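>>> I need the structure of the sequence given here:
(one chain, ligands or ions: 1)
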Amino acid sequence: MTQQTLESSMDPMSSLRPVRIEARDVTVHYGAKQALFGISIEIPDRAVTSFIGPSGCGKSTFLRCINRMNDTIEGAKVGGVIKLDGEDIYDSALDVVELRARIGMVFQKPNPFPKSIYDNVAYGPRIHGLASSKADLDEIVVSSLRKAGLFEEVKDRLAEPGTGLSGGQQQRLCIARAIAVGPEVILMDEPCSALDPIATAVIEELIDELRENYTIVIVTHSMQQAARVSQKTAFFHLGNLIEEGPTEQIFTNPVNKQTQDYIMGRIG
Ligand SMILES: Nc1ncnc2c1ncn2[C@@H]1O[C@H](COP(=O)(O)OP(=O)(O)OP(=O)(O)O)[C@@H](O)[C@H]1O
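Numbers count the residues shown, from 1 in each chain. Down below sits the predicted model:
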């Protein structure tokens, strides 16, 4: 056994894939109020990373930094560096619309467009000119719905409104919409918080399947969910990243007292 394989076999992070996103010293201010204080973290490729922590600790704020959604919030100012595959995503030459296709986002509340199921999924590919024919577009729509685990349920009613689906189906439609533009990374901000336990279980299973092909970052209030779906967990508190590591280690053997208190239900 070489030194490197020996080290890898002893390193619990070794089962995780290479780094896809790297954040260094990220700060966020909303006007005069500082919401994030020097966040540095590496997000592994094709794995699920979860952000946990009490309400208001900055999880969603940091998630929004990763695809520059904070740019859309007036008064928000982001500092530090975030790289996707080594490329600075805050580079002024970078096309933000293209970035958000590469780094898709799914929100807390399912938000399908007031359009048909088909058009919800076809919307992004049309805008980005990804299909050269109607047959091409059909293919993208069907394969995205399949990847989101929704096709079988909706195949006979693609022309019906997306808003007519159940909450869980709507959330899978939003995932299909994100997938349709060929993202590498999918950010999910509490994607199950508006769903019942059965719909939640379906989405969690889907997340587990999607990690084969996508880098996923999920903000969740549920420690059980983080433990179930993620391979890496980061614990935030009052705008600081307190501790991060393999999910199993964070939940069974956290190093930091604040992490321990949160895991034990003593804070938040
Ligand atoms: N658009 C905004 N304008 C001003 N302050 C904001 C804005 N969004 C968030 N904040 C503040 O930034 C801090 C972090 O909020 P954020 O929503 O990121 O936390 P969170 O951990 O995701 O919380 P929750 O779990 O409740 O969603 C909070 O103090 C919040 O009030």
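>>> Surely V81 forms part of a strand?
Yes: judged by DSSP: H, G, I helix; E, B strand; the rest coil, V81 forms part of a strand.
>>> Identify the residue spatially nearest to D136, adjacent ones excluded.
Take D136 and drop its neighbours on the chain: the residue closest to it by CB to CB, 6 or more residues apart in numbering is L130, 8.0 Å away. Backbone N, C-alpha and C define where each C-beta goes, glycine included.
>>> Report how many residues lie close to that neighbour.
Other residues near L130 come to 16 when the count uses other CB atoms under 10 Å.
>>> wait, what's in contact with it?
Shown in contact with L130 (CB atoms under 8 Å, 6 or more residues apart in numbering): G124, D136, I140, A180, V181, G182.
>>> of these, closest to P44?
The shortest approach to P44 among the contacts of L130 belongs to G182, at 20.1 Å (CB to CB).
>>> Make sure the closest one is indeed in a helix.
No: using three-state DSSP, the assignment for G182 is coil, not a helix.
>>> rewinding a little: separation between the residue nearest to D136 and the ligand?
According to CB to the nearest ligand atom, to the nearest Å, L130 and the ligand sit 32 Å apart.
>>> Mind checking which of the contacts of L130 are buried?
G124, I140, A180, V181 (16 or more other CB atoms under 10 Å).
>>> returning to that earlier point: the residue nearest to D136 in helix, strand or coil?
coil.
>>> Look at it and report its pLDDT.
If you check L130, the pLDDT there is 95.
>>> With the one 10 residues further on instead?
As summarised for this prediction, I140 has a pLDDT of 97.
>>> Would you mind listing what in the chain touches the ligand?
The chain has residues Y30, A35, G53, S55, G56, C57, G58, K59, S60, T61, I73, H221 near the ligand, with proximity defined as CB under 6 Å from any ligand atom.
>>> Which members of the residues you listed are positioned in strands?
Using DSSP state E, Y30, A35 are the members of those that sit in strands.
>>> Neighbour count and pLDDT for the residues of the chain next to the ligand - can I get that in TSV?
Converted to TSV, the residues of the chain next to the ligand look like this (neighbours: other CB atoms under 10 Å; pLDDT from 0 to 100):
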residue	neighbour count	pLDDT
Y30	15	97
A35	18	98
G53	26	96
S55	7	94
G56	14	95
C57	24	96
G58	23	97
K59	26	97
S60	20	97
T61	23	97
I73	13	94
H221	16	93
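>>> What's opposite the spatially most central residue of the chain in the beta bridge?
Centroid-nearest residue in the chain: L187, 2.0 Å away (criterion: CA atoms, centre = their mean). L187 forms beta bridges with M105, V217, as assigned by DSSP bridges.
>>> give the contact list for it.
L63, I66, N67, I103, G104, M105, V106, I216, V217, I218.
>>> Reformat these as JSON lines; add pLDDT and neighbour count.
Below are these laid out as JSON lines (pLDDT from 0 to 100; neighbours: other CB atoms under 10 Å):
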{"residue": "L63", "pLDDT": "98", "neighbour count": "20"}
{"residue": "I66", "pLDDT": "97", "neighbour count": "21"}
{"residue": "N67", "pLDDT": "95", "neighbour count": "24"}
{"residue": "I103", "pLDDT": "96", "neighbour count": "23"}
{"residue": "G104", "pLDDT": "95", "neighbour count": "23"}
{"residue": "M105", "pLDDT": "96", "neighbour count": "20"}
{"residue": "V106", "pLDDT": "96", "neighbour count": "23"}
{"residue": "I216", "pLDDT": "98", "neighbour count": "23"}
{"residue": "V217", "pLDDT": "98", "neighbour count": "28"}
{"residue": "I218", "pLDDT": "98", "neighbour count": "27"}
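>>> From those, pick the one nearest the ligand.
L63 (7.6 Å; CB to the nearest ligand atom).
>>> helix/strand/coil for that closest one?
helix.
>>> what's the distance between it and V28?
11 Å (CB to CB, to the nearest Å).
>>> With I21 instead?
To V28, I21 is 16 Å away according to CB to CB.
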